[in-house]
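J.: What would the 3D arrangement of this be:
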Amino acid sequence: MDLKSNHTPLLTDAAPITKSRLGVHSSLLPYSPTGAAFSPGLLLTIPRKKTGILEDVRSSGWLDAMKSSSPTAKKITKDINHGFASSDADSAYCTWLQKYPSALASFEKIANYAKGKRIALFLDYDGTLSPIVDNPDCAFMSESMRSAVKKVAELFPTAIISGRSRDKVYEFVGLTELYYAGSHGMDIIGPVRQSISDNNPNCIRSTNNKCKEVNLFQPAAEFLPMIDEVFRSLVECTNDIKGASVENNKFCVSVHYRNVDDKYWDIVGQRVVDILKDYPRLRLTHGRKVLEVRPVINWDKGKAVTFLLESLGLSNCDDVLPIYVGDDRTDEDAFKVLREGNRGYGILVASAPKESNAVYSLRDPLEVMEFLKSLAAWKSSLLKSLI
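T.: Got it, this is the predicted structure:
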């Protein structure tokens with residue numbers, strides 16, 4: 001197939017696209033064949049054209065968004081050859097640090113504010129606990145990082161909130177000391193709290209890997225058949241694009257284009273958009289060289305943080321300090337929740353300047369590990385002083 005000439009491809013699907021397929025109804029209420037009732041409060045209204053169809057990938061700005069998510073290797077090489085990477089970039093980063101100070105350099109200030117408060121720690125995975133890699137299946141965290149996470153989880157309530165499936169994140173991390181929220185917080189294992197499990201139809205009792213009773217919260221459970229169908233369609237329509245890969249994260253689907261030649265990015269974006277034309281209850285978002293298909297519900301990582309704080313019995317408490325560390329665009333929802341309520345600190349992991357709702361910054365996963373170690377050492381010293 002000539003990818004260069006096929007900018008608006010004709011999709012071939014395993015099943016004909018008809019009005020009766022999942023997701024095509026006049027109502028915007030989600031598909032609900034069986035299971036718990038969907039909470040109307042989670043419905044998210046997204047403005048659409050009168051046709052109800054997503055705009056073309058170019059006219060809607062998706063190609064620009066895809067390009068801006070991370071600089072290409074060619075641009076980085078060009079900048080280095082012209083001497084920009086070592087001078088202008090460093091200067092820009094130093095200026096940026098005045099607005100988003102290093103959490104390591106500011107650790108004493110953070111620790112002083114945290115005295116007498118109960119810290120709750122929330123961590124993204126990819127790009128935060130592990131480096132960004134070409135193959136998403138190889139995003140392994142180091143043993144030293146695992147040790148650092150284990151230590152802080154023994155001292156503070158700790159949760160990992162990732163766009164990955166919850167099972168996949170647990171497979172990477174392998175620690176039972178913390179809580180896991182996959183699919184951008186649409187699949188949460190949290191502590192049992194009677195008021196939540198009794199009043200929420202999307203919350204059920206389950207057991208974790210330690211056979212301890214926990215709450216399993218899945219606000220988008222009724223979308224599972226639709227997500228599975230879209231995953232199969234996306235795999236089929238991108239299998240001829242070299243480097244493209246599609247990941248089923250249970251309640252969302254990730255289309256990775258990190259290994260795709262950038263001249264074919266518009267084709268990746270167009271094909272994803274074309275598939276979604278038949279699914280008005282799914283929306284398209286993007287992260288670092290990944291397009292993500294998610295249910296149209298009012299739920300994100302910020303809502304997940306709020307839910308977990310309530311589950312932990314730490315919401316609406318003046319003596320609680322939530323700290324969220326993340327690197328991706330999707331983490332901004334959590335940063336925003338903490339900033340708007342003046343509730344805690346968002347820490348952005350970034351090696352290049354970018355606007356954020358975070359308060360502090362760290363350069364990379366190595367600095368994240370040092371911050372976690374510092375946090376654990378500080379807490380341990382406090383505990384020893386009380387003995």
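
J.: so what's the closest residue to residue 166 other than its chain neighbours bridging to?
T.: Distances taken as CB to CB, 6 or more residues apart in numbering put residue 182 closest to residue 166, at 3.0 Å, once the chain neighbours are dropped. Just so you know, the C-beta spots here come from the backbone N, C-alpha and C atoms, and that holds for glycine as well. Assessed by DSSP bridges, residue 182 has beta-bridge partners residue 187.

J.: for residue 182, what are its contacts?
T.: Neighbouring residues of residue 182 by CB atoms under 8 Å, 6 or more residues apart in numbering: 162, 163, 164, 165, 166, 167, 168, 169, 188, 249, 250, 251.

J.: again, 10 Å this time
T.: Residue 182 sits next to 125, 160-170, 188-189, 218, 249-252, 304 when contact means CB atoms under 10 Å, 6 or more residues apart in numbering.

J.: which of these count as buried?
T.: Listed as buried from the contacts of residue 182 are 125, 160-166, 168-170, 188-189, 218, 249-252, 304; burial here means 16 or more other CB atoms under 10 Å.

J.: In helices, which of the residues you listed fall?
T.: Per DSSP state H, helices hold the following members of these: 166, 168, 169, 170, 304.

J.: doesn't residue 163 make contact with the last one?
T.: So the one you mean is residue 304. No - contact criterion CB atoms under 10 Å: residue 304 and residue 163 do not qualify, at 11.2 Å.

J.: where do the contact lists of those two overlap?
T.: Shared contacts of residue 304 and residue 163 (CB under 10 Å, 6+ apart): 182, 183, 184, 185, 186.

J.: What backbone torsions are found at the fourth one?
T.: So that's residue 185. phi 90, psi 10 (degrees, to the nearest 10).

J.: Please name the spatially closest residue to it (chain neighbours excluded).
T.: The shortest distance from residue 185 to any non-neighbouring residue, by CB to CB, 6+ apart, is to residue 304 (2.6 Å).

J.: Retrieve the pLDDT associated with the one you found.
T.: Looking at residue 304, its pLDDT stands at 95.

J.: Could you check how far it is from residue 137?
T.: From residue 304 across to residue 137, the span is 24 Å (CB to CB, to the nearest Å).

J.: got it, and residue 309?
T.: 32 Å.

J.: neighbour-wise, which of the two wins?
T.: residue 309 (23 against 10; other CB atoms under 10 Å).

J.: so who does the more buried one touch?
T.: By CB under 10 Å, 6+ apart, residue 309 lies in contact with 120, 122, 157, 159, 190, 315-317, 320, 322, 337, 343-344.

J.: Among the shared contacts of residue 304 and residue 163, name the buried ones.
T.: Judged by 16+ other CB under 10 Å, buried ones among the shared contacts of residue 304 and residue 163: 182, 183, 184, 185, 186.

J.: how about a markdown table for the residues you listed, with pLDDT and distance to residue 225 added?
T.: Below are those laid out as a markdown table (pLDDT from 0 to 100; distance: CB to CB, whole Å):
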| residue | pLDDT | distance to residue 225 |
| --- | --- | --- |
| 182 | 96 | 18 |
| 183 | 95 | 15 |
| 184 | 93 | 19 |
| 185 | 93 | 21 |
| 186 | 95 | 15 |
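
J.: my guess is residue 133 is in a strand, correct?
T.: No - with DSSP: H, G, I helix; E, B strand; the rest coil as the criterion, residue 133 is assigned coil and is not in a strand.

J.: My read is that it contacts residue 140, right?
T.: Yes - the pair residue 133 / residue 140 is scored as a contact, 8.3 Å apart, by CB under 10 Å.
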